[in-house]
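Enquirer: let's see this in three dimensions:
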Amino acid sequence: MINLPDIQTLSLVVTAFGAGGLLGFLYFMGLWQTVQKLTQAKSPARVVAVSFALRTAMVLGGFYVLMGAGHWERLVAALTGFILMRKILTARKGPWQAVQQS
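Expert: Residues are numbered from 1 along each chain as shown. Prediction:
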């Protein structure tokens, strides 16, 4: 017989999925803002490096907190939400949007 997860575990996995989506939104919108500011930056390399470091630290810290004490299910749910948000934002702000705004 298949053991189904209890409601608490299921709610934590759903919450991790939503939080992963939020982390993805923050990460990729931060990347979008960084790319938009590169033309005005005095030191574009520094802007990219600092943005990357901050965005990566935020996401890795978020995944660490979401995973808790070795709950890999939550990490998988969070990564799924993160990747889904990437797909959504790529569809909304893809290269054709950047060309239209220029």
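Enquirer: beyond the lengthiest helix in the chain, next helix or strand please.
Expert: Taking DSSP state H as the criterion, the chain has its longest helix at helix 7-37. Toward the C-terminal end, the helix or strand that comes next after helix 7-37 (DSSP states H and E) is helix 44-67.
Enquirer: mind giving me the packing neighbours of that following helix?
Expert: Helix 44-67 sits against helix 7-37, helix 72-92, with contacts defined as 3 or more CB pairs under 8 Å, 6 or more residues apart in numbering; DSSP states H and E. (Glycine included, C-beta is placed from N, CA and C.)
Enquirer: in it, what's buried?
Expert: Residues of helix 44-67 classed as buried by neighbour count (16 or more other CB atoms under 10 Å): Val47, Val48, Ser51, Arg55, Val59, Gly62, Phe63, Leu66, Met67.
Enquirer: ok, the fourth one to Asp6 distance?
Expert: The spacing between Arg55 and Asp6, counted by CB to CB, to the nearest Å, is 35 Å.
Enquirer: quick one: residues contacting the most centrally placed residue in the chain.
Expert: Geometric centre of the chain, nearest residue: Gly24, 1.7 Å, by CA atoms, centre = their mean. Gly24 is in contact with Gly81, Phe82, Ile83, Leu84, Met85, Arg86, Leu89, counting by CB atoms under 8 Å, 6 or more residues apart in numbering.
Enquirer: neighbours around His5, how many?
Expert: To be clear, residue 5 is Pro; His isn't right here. Neighbours of Pro5 under the rule other CB atoms under 10 Å: 11.
Enquirer: do Phe25 as well
Expert: Neighbours of Phe25 using other CB under 10 Å come to 16.
Enquirer: next one, pLDDT for it please.
Expert: pLDDT recorded at Phe25 is 97.
Enquirer: so what's it closest to, chain neighbours aside?
Expert: Met85 (5.2 Å; CB to CB, 6 or more residues apart in numbering).
Enquirer: off-centre distance for the longest helix of the chain?
Expert: Relative to its chain's centre, helix 7-37 lies at 4 Å (CA atoms, centre = their mean, to the nearest Å).
Enquirer: for Phe28, see how far away Ala91 is.
Expert: Distance of Ala91 to Phe28, computed by CB to CB: 12 Å.
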